[in-house]
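>>> Sequence plus predicted model, see below.
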Amino acid sequence: MRTRRQVVGSCVAALMGGACGQSPERSRSRAPQAEAAGPSRVVIARDPSLGSGGGADSAHLAKLLDRAMQAFYNVDDALEAWRRLVRPGETVGLKVNCLAGKGASTRPALVEAVCERLQQAGIRARDILIWDRLSEDLESAGYRIATGRDRIRVMGNELLGYEDELSSFGSAASLLATALTRVCDAVINLPVLKDHGIVGVTLAMKNLFGAVHNPNKYHPNTGDPYVADVYMLPPIRRKVRLAICDAIAAQYQGGPSYMPQWSWPYRGLLVARDPVALDYTGWQIIERERARRGLKSLKEVGREPRWIATAARHGIGTNDPARIQALEV
Amino acid sequence: MRGAQDRRTFLKAAAGLPCLPGAGAAAKTEDETRYLAEARYYEKLPYRKIKCTLCPRECVIDDRERGYCGVRENRGGVYYTLVHSRVCAANIDPIEKKPFFHVLPGTTSFSIATAGCNVNCKMCQNWDISQVRPEQVRNMYLPPREVAALARQNRCATISYTYSEPVVFYEYMLDTAQAGRAAGVRNVVVTGGYIKTEPLKELCRAVDAVKVDLKAFSEKFYKEVVNGELKPVLQALVALRKLGMWTEIVYLVIPTLNDSDQEFSSLARWVKTDLGLDVPVHFTRFHPQYLLKNLPVTPLKTLERAKAIADAEGLRYVYLGNVPGHPAENTYCPKCRRAVIQREGFFIRGLHLKRGRCQACGQQIPGVWES
């Protein structure tokens, strides 16, 4: 096991574009554990002392992340949680959401903390891919593109390409990003908690629009059933193992662009395996903030995210509050 | 990803041009700013949002987002086309391939397209360029004056805006049409007709003929198969006729989806009353494509039934398409019934017109002919 400094150094180097060493292999054959049958757990981990802007440093975030992961997996050791999520030898994709620049994108400090824990859990740096739709989006959010195969890679779909054959389900027919289909064995979904001017909210499921070549086709009718249908595409269902939603600074209006006047410091992370439960929970957080600020509900302004209910009907997860175990830590 | 043509064809069409970038994955190496031009039809909204007013969809778009077409982007509250001079398909085609049957028969057309489309038809035969973003296909830089020069150099009578959906590359089409006209080359548009009236009016001042793919005669079909609406397309067709634009209609007949007698009758009656008997209607054969691979090829008898219904309604120029060698590919003089243009597929086998008149009886045949 490397020292913390070595691991952090390797992560920072990758995110900032420098060279990155390899993590030692560990022999372990245990498969990632599925969530126990029963309610869908959504962990809401918050730290009131956490700065919501640039002050949310990786050390603080790592602690919050550890707390969230321990609670989600119900273990005392954060590393044990990560070992339940990934296996050494796997290539792990981190699907971030970087459309909105530095103000409302998945922050590099969080991704850095995830990379650190993945490496401690036995994933080699070169087997980690941080990806989004476009490299320029990643750069605008503070990431540096890294394509070398000896380090953590940071790349947009335009560099990795798309499949030639369509994948389809219901209303969705898309070419999938090869980052999802060919490069990664597992994907950790890292969306942002924010409002969306067309589809209501953009959280876990909507973030996978970054895995298809034609997201512009999926916004009519407030995204229903498109968001749910895209998530039904088999590689997405098969490979996305966990969602860790960056809710350090959230946005209750004006998204998906960054609008500082409608952003508020939620100082939290949402962790779930069930993306429907996470999206429902995140939606309710946004609704409560809208109500607190005197804004109409998303339904009243014609942007109710009905696709969440559609996703539940597809069997992706549950939007029934009685079946969602929201665990605040 | 594939392009609409093989590389050899593309290179041939692009011969002598200064730039032919590689596949879409290399798009970052392109100088993308040369493809940018501010959109002509949009409204600025608060908080850097914009509303596109080019097509009936009227997308409201946030900063850094694109419209449904995928080729227009809001950058800081200014709306841009990303495909000006960004050609992903270029070919020299017979005009009959568009198909235009009443426009300069036997001539060739310099045919260009960019990526993108403002609908998403389940039967699209060019989905690999129409349903993608410009950076996802191979492109070349082909500014308007070079298109006009290439068309002249290759003795093309027209420039066609085709293959994908020219409405989404409106600014480029308009500029190229003006350049073509200045160079003595005419311009024809092959479109789904999903465009608002104001931009259509402006376009009509620069082009010579428009072919509209009327994909069905029911809103249900437009909603479920096209991801659009029928009504604006009908409005565009009426506007074209009022503007005096030469217009032809293609109706792709798809088994079980738009092939009922009632739909053919409704279509024919509407053309007769709202557009006139002289508007050519092409009933063309469907082949399984894209998201409609589960349906069979259109039976010939279905096409012939459609034609019979339209003929009975009194339409004068009803054609069948994608059935090479069928007599309904020919143009018949409505007065003496002689075949004034004989066709076989995209080829002209006989041309018995003189300045647009039947050589046998002198009857004027409507269209755009050599003067």
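Structure received.
>>> A:Arg273 - how many residues pack around it?
Per other Cβ atoms under 10 Å in any protein chain shown, the neighbour tally for A:Arg273 reads 20. All C-beta atoms are positioned from the backbone trio N, CA, C, and that covers glycine.
>>> Mind pulling up the pLDDT for B:Glu370?
Note on B:Glu370: pLDDT of 85.
>>> for it, what are its contacts?
B:Leu104, B:Arg355 (Cβ atoms under 8 Å, 6 or more residues apart in numbering or on different chains).
>>> Give the helix, strand or coil label for it.
What DSSP: H, G, I helix; E, B strand; the rest coil gives for B:Glu370 is coil.
>>> What is the neighbour count of A:Gly89?
By other Cβ under 10 Å, neighbour count at A:Gly89 equals 15.
>>> That one is in contact with A:Ala186, isn't it?
No. If you go by Cβ atoms under 8 Å, A:Gly89 and A:Ala186 don't touch, sitting 11.0 Å apart.
>>> Overlap of the contact sets of those two?
Shared contacts of A:Gly89 and A:Ala186, counting by Cβ under 8 Å, 6+ apart, come down to nothing at all.
>>> Just the helices from chain B, written as ranges.
Ranges of helices within chain B are B:7-13, B:127-130, B:144-153, B:170-182, B:197-204, B:219-221, B:231-242, B:261-270, B:300-313, based on DSSP state H.
>>> Please read the previous query as pertaining to the stretch 1-150 of chain A.
Ranges of helices within the stretch 1-150 of chain A are A:4-15, A:58-73, A:78-85, A:108-120, A:135-140, based on DSSP state H, counting those that start in this stretch.
>>> follow-up on the earlier one: pick the most deeply packed of the helices of chain B.
helix B:127-130 (a mean of 24; mean count of other Cβ atoms under 10 Å in any protein chain shown).
>>> residues from the stretch 101-250 of chain B in reach of chain A?
B:Asn120, B:Gln131, B:Val132, B:Arg133, B:Glu135, B:Gln136, B:Asn227 (Cβ under 8 Å from any Cβ of the partner chain).
>>> follow-up on the earlier one: so which of the helices of chain B is nearest A:Pro305?
helix B:219-221 (26.4 Å; Cβ to Cβ).
>>> Quick one: distance of the closest one to the chain centre.
Distance of helix B:219-221 from the chain centroid (Cα atoms, centre = their mean, to the nearest Å) equals 21 Å.
>>> cool, and stretch A:322-329?
19 Å.
>>> in that stretch, what counts as buried?
A:Ile324, A:Ala326, A:Leu327, A:Val329 (16 or more other Cβ atoms under 10 Å in any protein chain shown).
>>> picking that back up, what about the residues of the stretch 101-250 of chain B next to chain A, which are in strands?
Applying DSSP state E to these, no entry is found in strands.
>>> Of the residues you listed - the most surrounded one?
Going by other Cβ under 10 Å, B:Gln131 tops these with 27 neighbours.
>>> check contacts around it.
Applying Cβ under 8 Å, 6+ apart, the residues near B:Gln131 are A:Asn214, A:Lys217, B:Gly70, B:Cys117, B:Asn120, B:Cys124.
>>> And B:Lys44, how close does it get to chain A?
14 Å (Cβ to the nearest Cβ, to the nearest Å).
>>> where does that residue land on pLDDT?
For B:Lys44, the predicted pLDDT is 98.
>>> Please name the bridge partners of it.
B:Ile50 (DSSP bridges).
>>> what's the neighbour count on it?
Residues near B:Lys44, counting by other Cβ under 10 Å: 12.
>>> Give me every residue in the stretch 101-250 of chain A that's in contact range of chain B.
A:101, A:135, A:137, A:158-162, A:164, A:166, A:168, A:173, A:175, A:197-198, A:213-214, A:216-217, A:219-220.
>>> among the residues you listed, which ones are buried?
A:101, A:135, A:137, A:158-162, A:166, A:173, A:175, A:197-198, A:213-214, A:216-217, A:219-220.
>>> Show me what the residue nearest to A:Gln251 when sequence neighbours are not counted is bridged to.
Leaving aside its sequence neighbours, A:Gln251 sits nearest to A:Lys194 (Cβ to Cβ, 6 or more residues apart in numbering or on different chains; 3.9 Å). Note on A:Lys194: beta-bridge partners by DSSP bridges are A:Thr202, A:Gln251.
>>> surely A:Lys194 meets A:Gln253?
No. Using Cβ under 8 Å, A:Lys194 makes no contact with A:Gln253, being 9.3 Å away.
>>> Where does the prediction get shaky in the chain?
Answering for chain A, as no chain was given. Along chain A, segments meeting pLDDT under 70 span A:1-37, A:52-56.
>>> other chain: chain B
B:1-30, B:371.
>>> State which strand of it is the longest.
Under DSSP E, chain B gives strand B:246-253 as its longest strand.
>>> how close does the closest residue to A:Val96 other than its chain neighbours sit to B:Met123?
Closest residue to A:Val96 apart from its sequence neighbours, by Cβ to Cβ, 6+ apart: A:Thr106 at 3.8 Å. When distance is defined by Cβ to Cβ, to the nearest Å, A:Thr106 is 39 Å away from B:Met123.
>>> Which one of these two is surrounded by more residues?
Higher neighbour count among A:Thr106 and B:Met123: A:Thr106, with 29 against 20, using other Cβ under 10 Å.
>>> Regarding stretch A:126-137, how distant is the last residue from the first?
Stretch A:126-137 has an end-to-end distance of 22 Å (Cα to Cα, to the nearest Å).
>>> what's the spacing between it and its chain's center?
For stretch A:126-137, the distance to the chain centre is 13 Å (Cα atoms, centre = their mean).
>>> Same check on stretch B:282-295?
With Cα atoms, centre = their mean as the basis, the mean position of stretch B:282-295 lies at 17 Å from the chain mean.
>>> can you pull the contacts of the closest residue in space to B:Lys98 that isn't next to it in sequence?
Excluding the flanking residues, the one nearest B:Lys98 by Cβ to Cβ, 6+ apart is B:Val190, at 5.2 Å. Counting by Cβ under 8 Å, 6+ apart, B:Val190 touches B:Lys98, B:Ser160, B:Tyr161, B:Thr162, B:Tyr163, B:Pro166, B:Lys211, B:Asp213.
>>> if I look at B:Val190, how far off is B:Tyr163?
Taking Cβ to Cβ, one finds B:Val190 at 8 Å from B:Tyr163.
>>> who's more crowded, A:Lys194 and A:Gln253?
A:Lys194 (32 against 20).
>>> Contacts only, for B:Pro143.
B:Ser85.
>>> what's the distance between it and chain A?
24 Å.
>>> list the contacts for B:Lys98?
B:Ser109, B:Ser111, B:Ser160, B:Thr162, B:Val188, B:Val190, B:Lys211.
>>> 10 Å instead?
Residues in contact with B:Lys98 (Cβ atoms under 10 Å, 6 or more residues apart in numbering or on different chains) are B:109, B:111, B:158, B:160, B:162, B:188-190, B:209, B:211, B:248, B:250, B:282, B:346.
>>> Out of the residues you listed, which end up buried?
For those, buried by 16+ other Cβ under 10 Å: B:109, B:111, B:158, B:160, B:162, B:188-190, B:209, B:211, B:248, B:250, B:282.
>>> Among those, which are located in strands?
B:Ser109, B:Ser111, B:Thr158, B:Ser160, B:Val188, B:Val189, B:Val190, B:Ala209, B:Lys211, B:Glu248, B:Val250, B:His282.
>>> Return the member of those residues nearest to B:Thr53.
Nearest member of those to B:Thr53, counting by Cβ to Cβ, is B:Val189, at 19.0 Å.
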